[in-house]
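**Q** sequence first, then the predicted structure:
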Amino acid sequence: MDAYLHGPPKDDQISRANKLIFGNDSFRKNQREAIEATLRGQDVFVLMPTGGGKSLCYQLPAVLSPGITIVVSPLLSLIQDQVTSLVRNQPVGIPAAFLSSQTLAALKKAVWRDLHRPIPTLKLLYVTPERLAASDSLIQVLESLHQRGMLARFVVDEAHCVSSWGHDFRPDYHKLGNLKDLFPSVPLMALTATAPQKVIDSVKKVLKIPRAQVFSMSFNRTNLSFAVLEKDLDGKVDLNLMPRSNAVVEGKALASLYEYIKTKYDNSVVGIVYCMTKQQSEDVANYLFDRGILADFYHAGQSSSDRELVQEAWQRGEIKVVCATIAYGMGIDKPDVRYVIHYAVAKCVEGYYQEAGRAGRDGKPSQCTIFYNRRDVTKIKSIINMPKKGSNAKSRAVHMEKLEKMMDYCEDDTSCRRQALVAYFGQTFNRADCQRTCDNCKRLIRRTN
Ligand SMILES: Nc1ncnc2c1ncn2[C@@H]1O[C@H](COP(=O)(O)OP(=O)(O)OP(=O)(O)O)[C@@H](O)[C@H]1O
């Protein structure tokens, strides 16, 4: 691929690669700075909101650097999407592959062969943290690449998973601290969309990148407006006991969700409704669909082909509303989502902001609404307290503390919600940036008028 450039890239090479390989006319905030820092060999921590353009921060340097960039990413589906879009990248395809337990033997062999070439063809190799932690042979290959000067950098995507303070802690991510022990001179880039200061500090410590340059963006998404509604669970009907075809399913919460969507949006508007359980996502989708809203459900209990069908139909606009567990969202790049509703409160503010942030990626006004009831909080508490692999008293306490913060956010009926969210991520907020679009600010305006 003659678009690849070798030797230390100059400024204009970075811009040219952005245009010629990625088809972008310019850089978004912090992209160029992060790219330049990693190309200088520095460790870098990129904090950008969902949809901010994190991928370019490591894909462009991968293309400009000699050798391979190793990307650690938590979800196989996410990895598959990324690799497919790199290989099909327009105007120029980028050689990328992934290694996982599901990689076909023949493909694995081809990747392995490439890694042993004096100059491998691959520019990016994606792996799950489990794969990296479990495979001595992979570490040996990385050592051999390093000796040949062909190990360009490590990238840790969704880096909040490294920290037990993060909302998605993955034990195998914790082992990524070994990378700096084994390859101290190889630059590392960590990226996430959601990390309060405490999590940033903890990720830097675990990954052993104390001097990493942090590129952080404002968490204030000006086009999003926030609201919390009381979720009326009285009169709730146990849908599990009712036949699917029974059209008289009631329950005030579901009815009010339906009314809310129907009143605010016509059937061409795209949204996501996050639910607490797989069963709930099916029940809510069926309820909405029976009443004429083009809804379907998505959760980890479905086969991957069923999930793909739903996601593709939603991307094409045939389904307007996906009712989903939090399994839905990572890596989904749909710009015109006009609303995200949490039909059950999220477990923490980071998770909430990441999910809500899937609305309005095109910058147009979009709404993020929580249907809140303490009974849902009680259910989440009992889930947190359930004995499960990898959980201990400390991790349960962390989850409880995060849930309390989420409750504080929902139960505060006076503070500006935008301000509360931005403050949660340790950033200051200029009151002039408050556009009075949240429910609390609107209420205040009504009271003072
Ligand atoms: N400089 C740029 N100019 C134009 N488009 C860009 C630029 N950088 C990124 N994009 C586009 O923005 C979209 C979002 O980018 P990307 O998927 O990297 O976001 P992300 O930060 O990884 O989001 P998420 O947290 O959801 O994974 C993509 O369609 C990408 O092509």
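**A** Structure's in. What do you need?

**Q** burial check on residue 335, number of neighbours?
**A** Here the count is done by other Cβ atoms under 10 Å, and residue 335 has 11 residues near it. For glycine as for every other residue, the C-beta is placed from the backbone atoms N, C-alpha and C.

**Q** pretty sure it contacts residue 359?
**A** No. Using Cβ atoms under 8 Å, residue 335 makes no contact with residue 359, being 10.2 Å away.

**Q** for residue 186, which non-adjacent residue is closest in space?
**A** For residue 186, the nearest residue in space outside its immediate sequence neighbours is residue 151; the separation is 5.5 Å by Cβ to Cβ, 6 or more residues apart in numbering.

**Q** what is the burial count for that neighbour?
**A** There are 23 residues near residue 151, going by other Cβ under 10 Å.

**Q** tell me the confidence at it?
**A** Among the per-residue scores, residue 151 holds a pLDDT of 97.

**Q** what of residue 134?
**A** Checking the pLDDT column for residue 134, the value is 75.

**Q** distance check, it against the ligand.
**A** Counting by Cβ to the nearest ligand atom, to the nearest Å, the separation of residue 134 from the ligand is 25 Å.

**Q** next helix or strand past the biggest helix by length in the chain?
**A** In the chain, ranked by residue count with DSSP state H as the criterion, the top helix is helix 393-411. If you walk from helix 393-411 toward the C-terminus, the next helix or strand you reach (DSSP states H and E) is helix 417-424.

**Q** that next one packs against which elements?
**A** For helix 417-424, the elements it packs on are strand 224-230, helix 349-356, helix 393-411, helix 439-448, judged by 3 or more Cβ pairs under 8 Å, 6 or more residues apart in numbering; DSSP states H and E.

**Q** the third one: which residues count as buried?
**A** Taking 16 or more other Cβ atoms under 10 Å as the basis for neighbour counts, the residues of helix 393-411 that come out buried are 395-396, 398-399, 402-403, 405-406, 409-410.

**Q** any idea which of the residues you listed is closest to residue 377?
**A** residue 403 (6.8 Å; Cβ to Cβ).

**Q** which other helices and strands contact the helix-or-strand element of the chain with minimal mean pLDDT?
**A** In the chain, no helix or strand scores lower on mean pLDDT, DSSP states H and E than helix 171-174, which sits at a mean of 78. For helix 171-174, the contact count by 3+ Cβ pairs under 8 Å, 6+ apart identifies helix 129-134 as packing neighbours.

**Q** CA atoms of the helix it packs on as PDB?
**A** What follows is the C-alpha trace of helix 129-134 in PDB, where atoms were taken according to Å, rounded to 0.1, in the frame of the first residue of the first chain:
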ATOM      1  CA  PRO A 129      -7.400  -8.800  26.900                       C
ATOM      2  CA  GLU A 130      -8.200 -12.400  27.800                       C
ATOM      3  CA  ARG A 131      -6.300 -13.500  24.700                       C
ATOM      4  CA  LEU A 132      -3.300 -11.400  25.500                       C
ATOM      5  CA  ALA A 133      -3.200 -12.600  29.100                       C
ATOM      6  CA  ALA A 134      -3.600 -16.200  28.300                       C
END
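
**Q** and it, how far out from the chain's middle?
**A** When C-alpha coordinates are averaged (Cα atoms, centre = their mean, to the nearest Å), helix 129-134 and its chain have centres 20 Å apart.

**Q** for stretch 351-371, same thing?
**A** When C-alpha coordinates are averaged (Cα atoms, centre = their mean), stretch 351-371 and its chain have centres 12 Å apart.

**Q** and it, what's its mean pLDDT?
**A** So the average pLDDT for stretch 351-371 ends up being 93.

**Q** that stretch: end-to-end distance?
**A** One end of stretch 351-371 sits 16 Å from the other (Cα to Cα, to the nearest Å).

**Q** what do you get for stretch 146-159?
**A** By Cα to Cα, the extent of stretch 146-159 from end to end equals 23 Å.

**Q** so which bits of that stretch are buried?
**A** Along stretch 146-159, these residues count as buried under the neighbour rule (16+ other Cβ under 10 Å): 146, 150-159.

**Q** what lies in contact with stretch 140-147?
**A** Stretch 140-147 is contacted by residues 67-68, 70, 112, 115-116, 120, 151, 182-183, 186 when judged by Cβ atoms under 8 Å, 6 or more residues apart in numbering.

**Q** buried among those? Make that a ChimeraX selection.
**A** Buried residues among these (16+ other Cβ under 10 Å), as a ChimeraX selection:
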select :67,68,70,115,120,151,183,186
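
**Q** all the helices of the stretch 1-150 of the chain, in order from the start?
**A** Assigned by DSSP state H, counting those that start in this stretch, the stretch 1-150 of the chain shows helices spanning 11-20, 31-39, 54-64, 76-87, 105-115, 129-134, 136-147.

**Q** tabulate those (TSV), appending distance to residue 302.
**A** Formatted as TSV, the entries for those read as follows, by distance: least, Cβ to Cβ, whole Å:
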stretch	distance to residue 302
helix 11-20	38
helix 31-39	35
helix 54-64	26
helix 76-87	12
helix 105-115	25
helix 129-134	22
helix 136-147	31
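
**Q** which of those helices sits most buried?
**A** Greatest average neighbour count among the helices of the stretch 1-150 of the chain goes to helix 54-64 (a mean of 24), per mean count of other Cβ atoms under 10 Å.

**Q** for that one, what is the average pLDDT?
**A** Helix 54-64 comes out with an average pLDDT of 96.

**Q** dump the helices and strands packed on helix 417-424 to JSON lines, plus distance to the ligand.
**A** Conversion of the helices and strands packed on helix 417-424 to JSON lines gives the following (distance: least, Cβ to the nearest ligand atom, whole Å):
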{"stretch": "strand 224-230", "distance to the ligand": "14"}
{"stretch": "helix 349-356", "distance to the ligand": "7"}
{"stretch": "helix 393-411", "distance to the ligand": "20"}
{"stretch": "helix 439-448", "distance to the ligand": "26"}
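
**Q** tabulate these (CSV), appending distance to residue 135.
**A** Formatted as CSV, the entries for the helices and strands packed on helix 417-424 read as follows, by distance: least, Cβ to Cβ, whole Å:
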stretch, distance to residue 135
strand 224-230, 41
helix 349-356, 29
helix 393-411, 26
helix 439-448, 50
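
**Q** quick check: which of those is nearest to residue 97?
**A** Checking these against residue 97 by Cβ to Cβ gives helix 349-356 as the closest, at 27.3 Å.

**Q** and the next element down the chain from that closest one?
**A** Later in the chain than helix 349-356, the nearest helix or strand by DSSP H and E is strand 366-372.

**Q** okay, angle between that following strand and helix 417-424 too, please.
**A** 80 degrees (axes from the mean of the first three to the mean of the last three Cα atoms, to 10 degrees).

**Q** contacts for strand 366-372, please.
**A** Contacting residues not belonging to strand 366-372 are listed as 223-231, 253, 256-257, 260, 264, 337-346, 352, 356, 359-360, 410-411 [Cβ under 8 Å, 6+ apart].
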